[in-house]
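> Got a predicted model here, sequence first, then my questions.
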Amino acid sequence: MEFGPHLLLASLEGAVSAAVLALTAMGLSIVFGVMRIVNVAHGEFFMLGAVLAWWIASMIGAHPAVGFVVAIVIAPLAVGVIAAVADKVILQRIGYDPERTIVATIGLLYILQQAALMTFGPDARPVTPPFNQRIDLPWFEFTKNGLGLFWPWGLSITSYKLFVVLAAILILTGVWLLMTRTRFGLIMRATQQDREMSQAFGVPVDNVFAYVFGLGAALAAIGAVLVVPVQQAHYLMGHDPLLLSFIVVIIGGLGSLPGTVIAAVLIGMSDGIISVFFSPTLAKIVATMAVAMVLVFRPQGLVGKAAS
Amino acid sequence: MPKNNTRLLTRRQTLKSIGAAAGAGLVMPSIARMAHASTQGPIRLGFEVHRTGIGSSYGRWYERVGTAAAKRINAMGGINGREVEIIAEDDGTDPRRGAEVVERFASLHECDAVFGTLFSHVVFGAAPRAGELKMPYFVISEGYHVAGGLLNRYSFQPGITDVRAQVKAMAPYVSQNLGKKVTMFIPDFAFGHDHRDFFSEAIKNQGGEVLEVIAIPPTETSFTRYFPRIPRDTEMIYHVMVGPAVLTFVRELGEFFGGRGPALFGYIDSLEAVDTASPGLEFLEGSHFWEGMPRFMQPDADAHEKMYREAVGIDENGASVDDPRDISTAGHMFGVWETLSVIKMGMEMSGYQTRADTGSFIEAVESLTKFPLSDDFPQGEKIFNGKTHQVFGHQNISLVEPDGKLKRVHRTSIEDTLYENDVDYTTQSL
């Protein structure tokens, strides 16, 4: 394939993975920003979203679009409730102590993963996309008659993949509006800035934490529901999103929402492009290297504010 | 010294009775053996299953076939008059755990032999430990590791043919019918490397060439990014993918080409446990697949094949009789059935009773040469090479019909699969 179309294809693939990554990492970032805890089980909430999407879609059995629409509403809600309950039952009891939270969420990771293995089984399961047209993309070339268009072999995307990118943009805009324009967002930001003072002003901090933990997990689940018609649901699928989300959140600046989006686009696109032109392994190496560099030279992240 | 006298007497009596027992044993060996057998309990076979991890679809079906085969052997009277007990353990499709499981079979469960491993990286992890423990280890893996001399005298592959034999036999058909300029998609571990090495050689002998080999990490979930590396003059794409993402792989391959691409030849591995009528797979119509044994019941299926399909519980479409969505790994799993038949033959030839007889059991298996088409070997007749510990058999090439079913269009001879020995395990000490 020629360089130009090749690059376009790589960018399109990169955009899809960046979109899903932005949603997943946003969940992790909100949880860290407000609650100041590291949620190691985040990838498993992603997996739960995918598995529930398969379960719902196969239960409904009508037109794939119906199953998908129900799944994208119900699965994130269900995952959010599970996460909120986990927060109330586990994290609140250990007082969000940083070390104990890490250990507890590692435990949660294994509980969720093994529960999925025991109920959902070890197989990868497909979800039919609600719509999926292949869209051939043209490329230009200079001919004797000036600029001409042609359709290179394999340069295409599917309508569903475009939808994933669009949906991610819409949902992230919604999250931004929620954080900046609503009363709930105000409460969250107040809790983030000063937990004790918020409590003094009558903010039910414990409940806010449960909501935030649920919201973070639900965002991961939305990302998973979007991606599962492209990939497949599998009980071990939580590893990669967890690693990449951490990379994104560290590069973007822990708790910074714009930083998270910028870093997700950077990592997603570079992953797409490097893995097309070189190898997927090199893409992971570059991303991990970037984390190391950020930690050394700009520990607060690209957008994060330095600790005062 | 009355005490001493009594003791002497007792010892004499004991010696006498031992002599009498030995004499009786000589006169009536069969009775002695049966009495012996009944006190020894069952023959214990350790079954290393990929219940979880990337090999789990295969593992589920391997376990069903193993259970069905053991049930049949027990219904026929077991092995050497003893019941066969299968002890299955999950290795998580993980090499390290594979070695641990072999160790548990040897020391904890006191098994007589171990069988069942499929994924080649797990075989590589576990086989050396089996050799150290002097535990007969029967793999059903297709890898060239057994015949290639990379394992040891205790490792056998008598139930399924290896990649080298398969590609050698099929290269003439695919190069004549599908194309001579090939791009290969392989999983990036030993099994995929066998495909790369031996298919490149085989297609060269047919006047063709491999233009590009695209190796994909086993846990990859997204594939479109690899497809631009397919050279434009490719006439045929050769794909052999494994793991949970195989359906994504074939679907994205279809989306990439949009019906305008080169001819496709795949190993059924790329679609094992996947419904060929899944949405997004319509483009596979007219493409060819290798199958160890046909998934769909062929019109010319013989009585042995029908008996086997019924025993393991698959319907005409190769799906579970209990759940039509549960597609089997029919292309490979017959190997479990046939491996148990070989273990039975070897143990009966050597009169196997205890672990002390392992040496003669190994030698008995090595002395086997031919397996006839029968209920024991429903995939077809086979030739066994005792020096390389590898079996040779017929290969099938199937075509995807418009209704998504696979129809066998070519069956190679066994002679097409043979190659010169790379190893003689019988020279290694027991």
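Looks like it came in fine.

> just for the stretch 1-150 of chain B, where's the confidence low?
B:1-39 (pLDDT under 70).

> let's go with 80 and repeat that
B:1-40 (pLDDT under 80).

> Would you mind measuring from the closest residue to chain A within it to A:S159?
Going by C-beta to the nearest C-beta, chain A is nearest to B:S56 of the stretch 1-150 of chain B, at 3.3 Å. C-betas here are computed from N, CA, C, even on glycine. Separation of B:S56 from A:S159 (C-beta to C-beta, to the nearest Å) stands at 32 Å.

> who has more neighbours, those two?
A side-by-side neighbour count of B:S56 and A:S159, using other C-beta atoms under 10 Å in any protein chain shown, places B:S56 first with 26 against 13.

> Which residues are in contact with that one?
Shown in contact with B:S56 (C-beta atoms under 8 Å, 6 or more residues apart in numbering or on different chains): A:121-123, B:50, B:93, B:244.

> Dump these into JSON lines; add neighbour count and secondary structure as well.
Below are the contacts of B:S56 laid out as JSON lines (neighbours: other C-beta atoms under 10 Å in any protein chain shown; DSSP: H, G, I helix; E, B strand; the rest coil):
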{"residue": "A:G121", "neighbour count": "16", "secondary structure": "coil"}
{"residue": "A:P122", "neighbour count": "24", "secondary structure": "coil"}
{"residue": "A:D123", "neighbour count": "16", "secondary structure": "coil"}
{"residue": "B:H50", "neighbour count": "26", "secondary structure": "coil"}
{"residue": "B:T93", "neighbour count": "26", "secondary structure": "coil"}
{"residue": "B:P244", "neighbour count": "26", "secondary structure": "coil"}
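
> Contact residues of chain A facing chain B?
Within chain A, the residues that sit near chain B (C-beta under 8 Å from any C-beta of the partner chain) are A:1, A:5-6, A:9-10, A:13, A:17, A:64, A:117, A:121-124, A:126, A:128, A:132, A:134, A:136, A:153-154, A:156, A:158, A:230-232, A:234, A:236-237, A:240, A:272, A:275-276, A:280-281.

> For these, which PyMOL command selects only the ones that are buried?
Buried subset of the residues of chain A next to chain B, written as a PyMOL selection, criterion 16 or more other C-beta atoms under 10 Å in any protein chain shown:
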select buried, chain A and resi 1+5+6+9+10+13+17+64+121+122+123+124+126+128+132+153+154+156+158+230+231+232+234+236+237+240+272+275+276+280
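
> So which of the residues of chain A next to chain B belong to helices?
Under the assignment DSSP state H, these contribute A:5-6, A:9-10, A:13, A:17, A:64, A:117, A:240, A:272, A:275-276, A:280-281 to helices.

> Make TSV out of the residues you listed and add pLDDT.
As requested, those are exported to TSV (pLDDT from 0 to 100):
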residue	pLDDT
A:P5	82
A:H6	82
A:L9	85
A:A10	85
A:E13	86
A:S17	89
A:P64	84
A:L117	89
A:D240	87
A:G272	81
A:S275	80
A:V276	76
A:P280	76
A:T281	80
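
> Please identify which two of those are farthest apart in space.
A:P5 and A:L117 (41.4 Å; C-beta to C-beta).

> burial count for B:A70?
23.

> what does the one 4 residues further on give?
By the other C-beta under 10 Å criterion, the neighbourhood of B:N74 contains 16 residues.

> Surely B:E212 is in contact with B:I186?
No. Assessed by C-beta atoms under 8 Å, B:E212 is found out of contact with B:I186, at 11.1 Å.

> When these two are compared, which one has more neighbours?
Counted by other C-beta under 10 Å, B:E212 and B:I186 do not tie: B:I186 has more neighbours, with 22 against 14.

> and the more buried one, what does it touch?
Here B:I186 is in contact with B:192-193, B:195-196, B:213-216, B:240-241 (C-beta under 8 Å, 6+ apart).

> quick one: it from chain A, how far?
14 Å (C-beta to the nearest C-beta, to the nearest Å).

> so what strands line up beside the strand or helix carrying that residue?
In this assignment (DSSP states H and E), B:I186 forms part of strand B:181-187. Paired strands of strand B:181-187, with direction, are strand B:209-216 (parallel), strand B:236-239 (parallel) (DSSP bridges).

> Run through who's touching the first one.
By that I understand strand B:209-216. Outside strand B:209-216, the residues that reach it (C-beta under 8 Å, 6+ apart) are B:180-188, B:192, B:196, B:199-200, B:203-204, B:223, B:226, B:229-231, B:233-234, B:241, B:249.

> Please list only the buried members of those.
Buried among these (16+ other C-beta under 10 Å): B:181-188, B:192, B:196, B:199-200, B:203, B:223, B:226, B:230, B:234, B:241, B:249.

> For the residue lying closest to B:K168 once chain neighbours are set aside, which residues are in contact?
Computed as C-beta to C-beta, 6 or more residues apart in numbering or on different chains, the closest residue to B:K168 that is not its neighbour in sequence is B:A202, at 5.0 Å. Applying C-beta under 8 Å, 6+ apart to B:A202 gives the contacts B:167-168, B:170-171.

> Give the buried residues for stretch B:117-135.
B:117-131, B:134-135.

> Pull the most distant pair out of the contacts of B:S56.
Farthest pair in the contacts of B:S56, by C-beta to C-beta: A:G121 and B:T93, 14.5 Å.

> Show the residue spans covered by the helices in chain A.
A:3-35, A:42-60, A:64-86, A:98-119, A:159-181, A:183-193, A:195-200, A:205-227, A:239-252, A:257-277, A:280-297.
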